[in-house]
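Undergrad: Sequence and predicted structure below; questions after.
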Amino acid sequence: MARYIGPKTKIARKFGQPIYGDDKNFEKRKFPPGQHGPNRRRGAKKSEYAIQLAEKQKAKYTYGILERQFSNMYDKAVSAKGVTGEVLLQLCESRLDNIVYRLGFATTRAAARQLVTHRHITVNGEILNIPSYIAKAGDVIAVREKSKSLDIINDALAGRGNYDWLQYNDEKKSGTFISAPERIQIPEDIKEQLIVELYSK
């Protein structure tokens, strides 16, 4: 399965945000990457297209989705009811790897993706190793019984957050997907309208 495996701090510096989570190297060098570092002036003024493209790339890197998948998700968002940009982000948040990350089973989306592909996660009691699976309301996402003692999962759970659209059960190490989150419930700093404008051209 294709995925981005390049330098993550460089991508975070490109967008000026720690899109992959806490990053000590990013905190030290928050300026864009390049030979001349913070003094580089080339490209200071971006075109409208460049701004829209950068926002799309930021969303793709944030959720770990490649171009074809992202384009397909946009097509689904266009045909669905509701505001296209918000629906697109809801689809991203409803992916299995993202839910595993939100439930706190992993500290990053990349780690969550690995848990899914390595068959540590179940959906409604059945092992599912497809990170791009779009959860439906009522789906129960849990750690497989044999994997509940894994240190990497238990260490991640120590720092888990709470989300209104996910109901977590600590005893069973499972979470119920209540519904797709509203835009206000999605913490990611993504200007989805710019992505819609880019695809609409």
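TA: Here it is on my side, so go on.
Undergrad: Skipping its backbone neighbours, what lies nearest residue 127 in space?
TA: Distance criterion Cβ to Cβ, 6 or more residues apart in numbering; nearest residue to residue 127, sequence neighbours excluded, is residue 119 at 5.2 Å. Yep, even glycine has a C-beta here, placed from its N, CA and C like the rest.
Undergrad: how's the protein carved up into domains?
TA: 8-91+187-199, 95-179 (automatic domain parsing).
Undergrad: I'd like those domains laid out as TSV, including mean neighbour count and mean pLDDT.
TA: Formatted as TSV, those follow (neighbours: other Cβ atoms under 10 Å; pLDDT from 0 to 100):
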stretch	mean neighbour count	mean pLDDT
domain 8-91+187-199	15	81
domain 95-179	17	95
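Undergrad: Need the residue closest to the centroid of the chain.
TA: Geometric centre of the chain, nearest residue: residue 63, 2.7 Å, by Cα atoms, centre = their mean.
Undergrad: Distance of the residue lying closest to it once chain neighbours are set aside relative to residue 192?
TA: Spatial nearest neighbour of residue 63, chain neighbours left out: residue 92 (4.6 Å); criterion: Cβ to Cβ, 6+ apart. Per Cβ to Cβ, to the nearest Å, residue 92 is found 10 Å from residue 192.
Undergrad: Next, show the common contact partners of those two.
TA: With contacts taken as Cβ atoms under 8 Å, 6 or more residues apart in numbering, residue 92 and residue 192 have residue 59 as neighbours in common.
Undergrad: Surely residue 150 touches residue 120?
TA: Yes. Judged on Cβ atoms under 8 Å, residue 150 makes contact with residue 120 at a distance of 7.1 Å.
Undergrad: Can you show me the helices along the chain?
TA: For the chain, applying DSSP state H gives helices covering 8-15, 24-28, 48-63, 67-79, 84-93, 96-102, 109-117, 151-157, 192-199.
Undergrad: any chance of those in a markdown table, plus distance to residue 183?
TA: Formatted as a markdown table, these follow (distance: least, Cβ to Cβ, whole Å):
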| stretch | distance to residue 183 |
| --- | --- |
| helix 8-15 | 20 |
| helix 24-28 | 26 |
| helix 48-63 | 13 |
| helix 67-79 | 13 |
| helix 84-93 | 5 |
| helix 96-102 | 15 |
| helix 109-117 | 19 |
| helix 151-157 | 26 |
| helix 192-199 | 8 |
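Undergrad: Which of the ones you listed sits closest to residue 139?
TA: Nearest of the helices of the chain to residue 139, taken as Cβ to Cβ: helix 96-102 at 8.4 Å.
Undergrad: How far does the closest one sit from its chain's centre?
TA: Put simply, helix 96-102 sits 8 Å off its chain's centre (Cα atoms, centre = their mean, to the nearest Å).
Undergrad: that older thread, for the residue nearest to the centre of the chain, give me its contacts.
TA: Contacts of residue 63 by Cβ under 8 Å, 6+ apart are 92, 95, 98, 109.
Undergrad: please redo it, this time with the cut-off set to 10 Å
TA: Neighbouring residues of residue 63 by Cβ atoms under 10 Å, 6 or more residues apart in numbering: 19, 69-70, 73, 89, 91-93, 95, 97-98, 101, 109, 188, 190.
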